[in-house]
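Colleague: Turn this into a structure:
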Amino acid sequence: MKTEVMEKVLNRMADKLDPKQLQELKSALVISLEGYQVTREETQLSTEVHDNWAYAQKFFQALIVAGKAKGTIDTYGMHIRILLDDIRKPIMEITDEDLMLHLARQKYGRNLSNRYLNYKRLVFRTFFGWLRRRKYISENPAELLDQIKYDVTIKKPYTDEEREKIRCSCKRERDLALVDVLYSTAARVSEVTALNRSDIDFVENGCIVHGKGGKERAVYLNATAAYHLQTYLLGRTDTDPALFVSCKTPHNRLTRSGIEEILRTLGERAGVKLVHPHRFRRTALTNAANRGMPLQDVQCLAGHSSPNTTMIYCTVDQHKVKAEHRMYLAS
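Modeller: Numbers count the residues shown, from 1 in each chain. Below you'll find the predicted structure:
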């Protein structure tokens, strides 16, 4: 059992220490544990697994089976690892006070916003709720954590002028096609990076994207996006199947970070602040709603399960509200 514990410690630290440091840690463990007998504590709860991270791994497997996106699972993993490394107690002994102290240390130690802390709270609530349902723990300590209040700031879409400035700053046909596709389809950047040339139907000017949870939906190209995308594809000499690729040999598929860097450069060149892929999605959904598209159609375009999520994305045009106020409440 002593050897098993040491191996677990070394495995947990393998990605944080170099080989020499791991060897020093092993020597320190051997010396420190000499003369001690190590036994496993048994509880009346499930004893199927005994290591905190093993519980977490089972939770992640459940998320995979439930169809959660890889990005979501990776984010959950980051927050749960930070929690377990900070508290350093068996999962069944973690209390709501432990969680509150952890959040407080995170807030003041890392200067995190209340919005971010509340997201952490929701992650813990989901994780410990799953452990409770599987009877690995007797109570969910995260249920006792109150919602953390935060100021809701309006994330502004691009104005028509800002979007045109970005388009005019494009020196490559690829970049112009990318900007127009992001806006016309209102697709997530992960959905765009996954597209292949063969996915585009230039007869119908649309394609199928694979969204969160593996859900498929149709998105569409307006005339401008279709023209510049087709021009870009006709001018390519590489054989990569990806819809968007890097300009340098060997012309690999553009990644999320690659697209973000391209847009950041365009924004600096155009003099527009906060240029990133998701803002094109927000702009497209906002413009669609403000220009008369029914909410259920905007929801379908966005690929949202709930209209409430769609409304979070859509920024109401106050000029339109003012005009309608005069129309309906003039006297």
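
Colleague: Please name the residues that touch residue 252.
Modeller: Residues near residue 252 by C-beta atoms under 8 Å, 6 or more residues apart in numbering: 240, 242, 245-246. From N, CA and C alone the C-beta is placed, and that goes for glycine too.

Colleague: can you list those residues in a markdown table and add neighbour count, secondary structure and distance to residue 176?
Modeller: A markdown table is the format used below for these (neighbours: other C-beta atoms under 10 Å; DSSP: H, G, I helix; E, B strand; the rest coil; distance: C-beta to C-beta, whole Å):
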| residue | neighbour count | secondary structure | distance to residue 176 |
| --- | --- | --- | --- |
| 240 | 15 | coil | 19 |
| 242 | 16 | strand | 17 |
| 245 | 18 | strand | 15 |
| 246 | 17 | coil | 16 |
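
Colleague: Out of those, which comes closest to residue 52?
Modeller: Taking C-beta to C-beta as the measure, residue 52 lies nearest residue 242 of those, at 39.8 Å.

Colleague: So what's the residue count around the closest residue to the closest one other than its chain neighbours?
Modeller: Leaving aside its chain neighbours, residue 242 sits nearest to residue 253 (3.6 Å; criterion: C-beta to C-beta, 6 or more residues apart in numbering). Around residue 253 sit 16 other residues, with neighbours defined as other C-beta atoms under 10 Å.

Colleague: residues contacting residue 253?
Modeller: Residue 253 neighbours (C-beta under 8 Å, 6+ apart): 193, 240, 242, 244-245.

Colleague: any idea which of the contacts of residue 252 is the one closest to residue 10?
Modeller: residue 246 (39.6 Å).

Colleague: Correct me if wrong: the closest one contacts residue 254.
Modeller: Yes: between residue 246 and residue 254 a contact is recorded at 6.2 Å, counting by C-beta atoms under 8 Å.

Colleague: Pop out the phi and psi values for the residue nearest to residue 242.
Modeller: phi -60, psi 140 (degrees, to the nearest 10).

Colleague: is it in a bridge, and if so with what?
Modeller: Per DSSP bridges, the residues bridged to residue 253 are residue 245.

Colleague: Residue 217 belongs to a strand, doesn't it?
Modeller: Yes: applying DSSP: H, G, I helix; E, B strand; the rest coil, one finds residue 217 inside a strand.

Colleague: is it true that it touches residue 209?
Modeller: Yes: using C-beta under 8 Å, residue 217 is in contact with residue 209, at 6.3 Å.

Colleague: Low-confidence stretches in this protein?
Modeller: Across the chain, the ranges flagged by pLDDT under 70 are 1, 40-50, 152-154, 213, 315-331.

Colleague: domain parsing for it?
Modeller: 1-36, 48-148, 160-323 (automatic domain parsing).

Colleague: Look at residue 98 and say how many residues are nearby.
Modeller: 16.

Colleague: helix or strand for it, which one?
Modeller: Element membership for residue 98 (DSSP states H and E) is helix 96-110.
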